[in-house]
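>>> Quick one: sequence and predicted model below, then my questions.
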Amino acid sequence: MRIYKVGGAVRDRLLGEPVTDIDWVVVGATTEEMLAQGYRPVGADFPVFLHPKSGEEYALARTERKSGRGYGGFTFHASPEVTLEEDLIRRDLTINAMAEDDQQNLTDPYHGQRDLEARVLRHVSPAFAEDPLRVLRVARFAARYAGLGFTVAPETLELMRQLSESGELKALTAERSWKEISRALMEDQPRVFIEVLRECGALKVLMPEVDALFGVPQPAAHHPEIDTGVHTLSVLEQAAQHKQPLTVRWACLLHDLGKGLTPVEEWPRHIAHEHTGLKLIKAVNERFKAPKDCQELALLVGQYHTHGHRALELKPSTLLDLLQSFDVYRRPQRFEEFIAACEMDARGRKGLEQRSYPQADYLRGAATAARNVAVQPLLEKGLKGPELGEAIKRERLKALKAYKEAASA
């Protein structure tokens with residue numbers, strides 16, 4: 001039995017990056033031998049075991065063969081005869097197909113170290129094209145390591161293009177797709193993830209609503225970058241630079257989908273795009289089964305982001321409706337995330353990345369004014385039910401009028 005550290009742990013150590021997860025491969029062992037040494041089995045599809053002390057995963061060396069469509073369409077073969085090189089060749093990228101023993105002696109049959117030094121993301125073998133999930137994974141790695149100068153090898157991009165055209169991407173489950181998308185959006189340069197997907201044709205298969213934004217013009221007075229797709233990427237870039245959470249990044253990606261539906265003869269104006277986009281945002285949310293908080297914020301930002309930009313002009317009654325829509329009294333954090341998404345939208349414009357956004361503090365102040373309305377005096381008057389609700393609404397409207405007058409003074 002020989003044990004090797006493989007994959008990302010080896011890659012990141014060689015890059016000088018922090019090592020978080022460690023994967024182990026065991027060569028020359030049987031399931032019975034692993035059990036005899038106290039390892040606990042966890043793999044349903046192939047032999048994976050938990051170390052009796054550390055709890056880390058150890059997998060028997062295995063080969064795989066394509067047997068169906070999609071990510072799960074493989075049969076696996078694990079036996080003591082499977083070599084380390086045979087196990088490594090089934091991996092996606094050369095930089096992920098290296099192994100080292102406990103003395104840090106490197107096994108690198110597919111020149112991963114060379115590609116690390118050249119800053120290239122390159123597939124290990126033609127079998128790369130058998131797994132559609134790898135299109136998303138490579139795009140995610142491109143986003144993760146873009147800051148280090150990594151690019152996708154042309155021949156790998158061509159395989160990704162072939163996969164995108166084959167229909168295989170449609171066999172991916174929502175859960176697997178979302179796992180890669182959500183991780184990619186949380187990288188330092190998530191725009192690269194979208195750019196790579198677009199370059200290989202995967203974006204128009206997975207998110208045609210986002211792909212449709214590229215080439216759609218906007219008024220230059222408000223959007224010096226003109227192109228709606230470019231603007232969307234810039235908004236996502238701002239969200240990453242400002243360390244926004246996943247909910248905000250997802251909303252930033254989807255906020256302008258309605259502009260992709262504007263008839264060409266109406267360009268560059270996009271009247272009511274906030275409302276026309278809602279059905280598209282809902283469709284993307286459902287396609288990937290995004291978490292509920294991501295779904296809700298994306299829809300709210302899509303519908304109300306222009307309200308955010310015009311906050312200082314809004315009538316108190318409109319402002320109150322906005323606050324009610326977000327349920328700021330019970331869910332203040334969601335309104336904070338809306339404000340953040342609006343600010344990223346305002347900054348995601350060519351040459352305006354450093355602009356101030358006074359609307360943010362104004363909206364926070366409005367929420368505080370409405371929230372500070374005391375309910376107890378109304379209860380003491382004996383009000384209840386719908387009558388109480390109307391009274392609270394009147395008092396909040398009064399508070400917002402006073403707030404707006406004070407802010408305008």
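Everything's here; your move.

>>> Tell me, how many residues neighbour the nearest residue to residue 258 once chain neighbours are set aside?
Nearest residue to residue 258, sequence neighbours excluded (CB to CB, 6 or more residues apart in numbering): residue 277, at 2.7 Å. Where you see a C-beta, it was placed from the backbone N, CA and C, and this is true even at glycine. Neighbours of residue 277 under the rule other CB atoms under 10 Å: 24.

>>> Spit out the contact partners of residue 277.
254, 255, 256, 257, 258, 259, 260, 261, 302 (CB atoms under 8 Å, 6 or more residues apart in numbering).

>>> Would you check how far apart it and residue 207 are?
According to CB to CB, to the nearest Å, residue 277 stands 13 Å off from residue 207.

>>> Count the residues that sit near residue 317.
12.

>>> mind listing what's buried in the helix or strand containing it?
Using DSSP states H and E, residue 317 sits within helix 316-326. Buried residues in helix 316-326, counting neighbours by 16 or more other CB atoms under 10 Å, are found at 316, 319, 320, 322, 323, 326.

>>> helices and strands around it, which ones?
helix 292-309, helix 332-347, helix 359-371, helix 385-408 (3 or more CB pairs under 8 Å, 6 or more residues apart in numbering; DSSP states H and E).

>>> how about a cut-off of 6 Å?
Here helix 316-326 touches helix 359-371, helix 385-408, going by 3 or more CB pairs under 6 Å, 6 or more residues apart in numbering; DSSP states H and E.

>>> who's in contact with that helix?
With contacts defined as CB atoms under 6 Å, 6 or more residues apart in numbering, helix 316-326 is touched by 307, 334, 335, 366, 367, 370, 396, 397, 400, 401, 404.

>>> one more time with 7 Å, if that's ok
300, 304, 307, 334-335, 338, 366-367, 370, 396-397, 400-401, 404 (CB atoms under 7 Å, 6 or more residues apart in numbering).

>>> quick one: which of those is nearest residue 248?
Of all the contacts of helix 316-326, residue 338 has the smallest distance to residue 248: 8.6 Å, by CB to CB.

>>> how deep is that closest one tucked in, by neighbour count?
Neighbours of residue 338 (other CB under 10 Å): 25.

>>> Test my guess that it contacts residue 302.
No. Using CB atoms under 7 Å, residue 338 is not in contact with residue 302, being 10.7 Å away.

>>> Now do the shared contacts for these two.
With CB under 7 Å, 6+ apart, residue 338 and residue 302 have no common neighbours.

>>> what about residue 109, how many neighbours?
16.

>>> ok, so what distance separates it from residue 91?
11 Å.
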